[in-house]
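Enquirer: need a 3D model of the following:
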Amino acid sequence: MIGVYDYTVILTYLSTISGVVGIIVTMTGIGHPYCGTLFLMLSGLLDGFDGKVARTKKDRTEMEKEFGIQIDSLSDLICFGVLPASIGIAQLRVSGILTDLGRKAEKPDHYSMILLLISIAAFYVLAALIRLAYFNATTDERAEEAKIKGKSYFTGLPVTTAALIFPLILVVHWFTNADLTIAYFWLLFIVAIFFVSNFKVPKPNKKQFSVILAIGFIELIGTLLILFYE
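Expert: Have a look, this model is predicted:
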């Protein structure tokens, strides 16, 4: 068999599985955006620790390190690129804005708006893809910069932030009874622009990482409550 099969990549594989299951539940039947959100946050949690786990193995070969980098980005595209867009489409269907665009389906009155929202979702996935490819292509450059400055930076908004941003708007949508379906797509558009923007984001330290986990935990509780009461 080709590939790497040890504990250094197990969290990445689990994150990918979570992302794929999330896409399936959002695109099956009318779709379930909050189930998809739950899998999005699970992928985010697993992704938050996969690099730390991988680095505990000190005798990794160069091929294993490179495999880890590539497989992580491919997984991120599924979990934080495609899944948030799928959640948005599921929310469109749940809200009744999107019914059926299949063959012989009657064209809805707001057809142009639906096409615009679907285009935004596609643009978001493309921006995530470009962001991840750029991240991989500049690995050596960033390592050299970190040696000089003594601190590591991301260029552009990391795609993994999707695991915090999009659950938040859906939790607010449910608890406030405000219809934020369209706002979700404009947020997709803004985040996509941030993915490919040329600004520096410092990597979070342990304290900041703990704050991120705490925010994710609050969103997780909110999502579980929604799933329980729906």
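Enquirer: from Gly222, how far off is Ile89?
Expert: Remark: distance between Ile89 and Gly222 (Cβ to Cβ, to the nearest Å) = 22 Å. The C-beta positions use only the backbone N, C-alpha and C, and glycine is treated the same way.
Enquirer: sorry, slip of the keys, the one I care about is Val196.
Expert: From Val196 over to Gly222 (counting by Cβ to Cβ), the distance is 30 Å.
Enquirer: what comes up buried for the lowest-mean-pLDDT helix or strand in the chain?
Expert: One helix or strand of the chain scores below all others by mean pLDDT, DSSP states H and E: helix 139-149, with a mean of 80. Across helix 139-149, burial judged by 16 or more other Cβ atoms under 10 Å covers Glu145.
Enquirer: mind giving me the packing neighbours of whichever helix or strand comes after it?
Expert: Where DSSP states H and E defines the elements, the next helix or strand beyond helix 139-149 is strand 153-155. Judged by 3 or more Cβ pairs under 8 Å, 6 or more residues apart in numbering; DSSP states H and E, strand 153-155 is in contact with helix 111-137, helix 139-149, strand 200-202.
Enquirer: for the chain, what spans make up the helices?
Expert: 7-27, 33-54, 62-76, 83-95, 111-137, 139-149, 162-176, 181-195, 206-229 (DSSP state H).
Enquirer: out of the ones you listed, which gets the lowest mean score?
Expert: Looking at the helices of the chain, the lowest mean pLDDT belongs to helix 139-149 (a mean of 80).
Enquirer: show me the contact partners of that one.
Expert: By Cβ atoms under 8 Å, 6 or more residues apart in numbering, the residues outside helix 139-149 that reach it are 69, 152-153, 155.
Enquirer: same thing but 10 Å
Expert: 65-66, 69, 135, 138, 151-155, 200, 202-203 (Cβ atoms under 10 Å, 6 or more residues apart in numbering).
Enquirer: helix 111-137 and that one, what's the angle between them?
Expert: Calculated by axes from the mean of the first three to the mean of the last three Cα atoms, to 10 degrees, helix 139-149 forms an angle of 60 degrees with helix 111-137.
Enquirer: just to revisit the earlier point, and the least confident helix or strand of the chain, how far out from the chain's middle?
Expert: 25 Å (Cα atoms, centre = their mean, to the nearest Å).
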